[in-house]
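Chemist: fold the stuff below for me.
(one chain, ligands or ions: 4)
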Amino acid sequence: YEAKSSGRNLVTYSPERDGGRLDRLSLAAELRYALTQDDQLFLELQPLIDLATDLPIGAEALVRWRHPRRGLLGPSEFIPIIERSELIHPFTQWVLDEALSVIGSWHTGDLDVPIAVNLSARSLLDRTLPGDIDRMLRKYRIPASKLVLEITETVIMSELEVVEEVLDGLRSIGVQIAVDDFGTGYSSLTFLARVRVDEVKIDQSFVKAMHHSVEASAIVNSTIALASSLGLRVIAEGIETPEQRAELEALGCTGGQGYGLYPPMSIDAATALVEEAADGLSGASAASGH
Ligand code: C2E
Ligand code: MG
Ligand code: MG
Ligand code: MG
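Modeler: Ligands and ions are numbered 1, 2, ... in the order given. As a prediction, the model looks like this:
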C-alpha cells in the first residue's frame, strides 16, 4: 500500500498498520491547511543584544503553530514533517513574508535591528530561493542587509556544491548569513572554510556546559577567537544566567541571546522593545548634542 501525501487519501489508510506514519500524514495535511489560514501559524521574535550596551542588535523569528485541536505546538513538533514534504517551499515563503512585513513596519532610526529567519537545510538546495528572496525584499522595499538567514552546518557534504551556489546567490543580493548551532556539526571548521558567512551563533549546549566542562569552555573560547580573527560577529545562544553572561563577556563575546536576556515574544512586544531602544538612542544623542 502506498499512502499518497494528499489529504483525501487518508480515510483509506489503516492506522493500526502504521500509526506514526498516519500521524505524520495527517499533520502534514493539517499543515497544508494551516498555511492557507491566518490564525494558526505565527512568529515570535527573540531579541539578540549587544552584551556591552544591552541594545538590541537583531531579533530571531521563531515559528509556532496554534493547532485547533492539539494546542500550541513548537517548531520541533512540526518542522521535521515540513522538511520531509513538499510543504518546505510554501512554508519558507510564508516565514520570510511574515518576517519581512515586520521589518518593513519597524521605525528604528539609526538602530540597526535586522530580523533573522531560520532556513532548513533543504531550502539551501532550492536554486530559486535567491530570486524569490530578492523579489520579496523589493516588494516590501527592504534593504537586503536587514535580513539574516540562519543556516546550519548539517548540509550534506555531497550537496555542498548546490548549497554554495545558492549561498553565493544569497550573498550577491546582500542578505546576511549566520551559522546557527555552531559546533554541533561534524565539520564546523570545514564548513566555515568553504562558506562565507557574517555571523556565528555558538550553540546553547556549549553555553550551558561552560561552567562545569573544560571542553565546552574551550569550544566557546576558541569559537569567539576564530570568529574575531575572521571578522565575523559572534552570538552566544541560550544565555540563562548572569554568570553565563558575565563569563561570555569576559571571553570577548559581543552578542547574546537567551531566556536570561529576553525570551521569544509576540511581534507587538518585540516591536515596542526595539522602537523604545531606538527612541532612547536618538533621545540620548539629541541630549548630548550629536
Ligand atoms: P534555533 O534556531 O537554534 O533557535 C533557538 C531555540 O532556542 C528556540 O527554540 C528558542 O526559543 C530557544 N531558546 C532561546 N533562548 C533559550 C534559553 O536561554 N534556553 C533554552 N533552553 N532555549 C532557548 P524554538 O523556538 O523551540 O526553536 C527550535 C528550533 O526550531 C530552532 O532552533 C530552529 O532550528 C527551528 N525553527 C524555529 N523556527 C523556524 C522556522 O521558521 N523555520 C525553520 N526552518 N526552522 C525553525
Ligand atoms: Mg536559529
Ligand atoms: Mg540555535
Ligand atoms: Mg537549531
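
Chemist: per-residue pLDDT of residue 224, please?
Modeler: Residue 224 carries a pLDDT value of 96.

Chemist: quick check: it vs residue 193, distance?
Modeler: Residue 224 sits 18 Å away from residue 193, taking CB to CB, to the nearest Å as the criterion. (Each C-beta comes from the backbone N, C-alpha and C, glycine too.)

Chemist: who has more neighbours, these two?
Modeler: residue 224 (19 against 10; other CB atoms under 10 Å).

Chemist: does the longest strand along the chain come close to ligand 1?
Modeler: What stands out as the longest strand in the chain, according to DSSP state E, is strand 56-67. Yes - Strand 56-67 is in contact with ligand 1 by CB under 6 Å from any ligand atom, via 61-63.

Chemist: where along the stretch 51-200 of the chain do the helices fall?
Modeler: 75-83, 88-105, 129-140, 160-173, 188-194 (DSSP state H, counting those that start in this stretch).

Chemist: of these, which shows the lowest average pLDDT?
Modeler: helix 188-194 (a mean of 81).

Chemist: list the contacts of that one.
Modeler: 153, 155, 160, 164, 179, 182, 185, 200, 226, 230 (CB atoms under 8 Å, 6 or more residues apart in numbering).

Chemist: and which of those residues is nearest ligand 2?
Modeler: Distance to ligand 2, by CB to the ion, is smallest for residue 179 among these, at 9.8 Å.

Chemist: look up how far residue 173 lies from residue 274.
Modeler: 24 Å.

Chemist: same question, residue 208
Modeler: Counting by CB to CB, the separation of residue 208 from residue 173 is 35 Å.

Chemist: more neighbours, those two?
Modeler: residue 208 (18 against 15).

Chemist: my read: residue 238 touches residue 209, true?
Modeler: No - assessed by CB atoms under 8 Å, residue 238 is found out of contact with residue 209, at 10.3 Å.

Chemist: the two: who's more crowded?
Modeler: The residue with more neighbours, out of residue 238 and residue 209, is residue 238; 18 against 15, by other CB under 10 Å.

Chemist: find the nearest non-adjacent residue to that one, please.
Modeler: The shortest distance from residue 238 to any non-neighbouring residue, by CB to CB, 6 or more residues apart in numbering, is to residue 204 (2.4 Å).

Chemist: and if you look at residue 59?
Modeler: residue 45 (4.2 Å).

Chemist: what helix or strand is that neighbour on?
Modeler: strand 41-50 (DSSP states H and E).

Chemist: mind listing residues that contact that strand?
Modeler: With CB under 8 Å, 6+ apart, strand 41-50 has contacts from 34-35, 55-66, 94-95, 98-99, 102, 115-116, 235, 254-257, 261-267, 270, 273-274.

Chemist: what do you get if the cut-off is 7 Å, keeping everything else the same?
Modeler: Identification of contacts with strand 41-50 by CB atoms under 7 Å, 6 or more residues apart in numbering yields 34-35, 55-66, 94-95, 98-99, 235, 254-257, 261-267, 270, 273.

Chemist: now the residues you listed: which count as buried?
Modeler: 34-35, 55-65, 94-95, 98-99, 235, 254-257, 261-262, 264-265, 267, 270, 273 (16 or more other CB atoms under 10 Å).

Chemist: filter the residues you listed down to the ones close to ligand 2.
Modeler: By CB under 5 Å from the ion, no member of the buried ones among the contacts of strand 41-50 lies near ligand 2.
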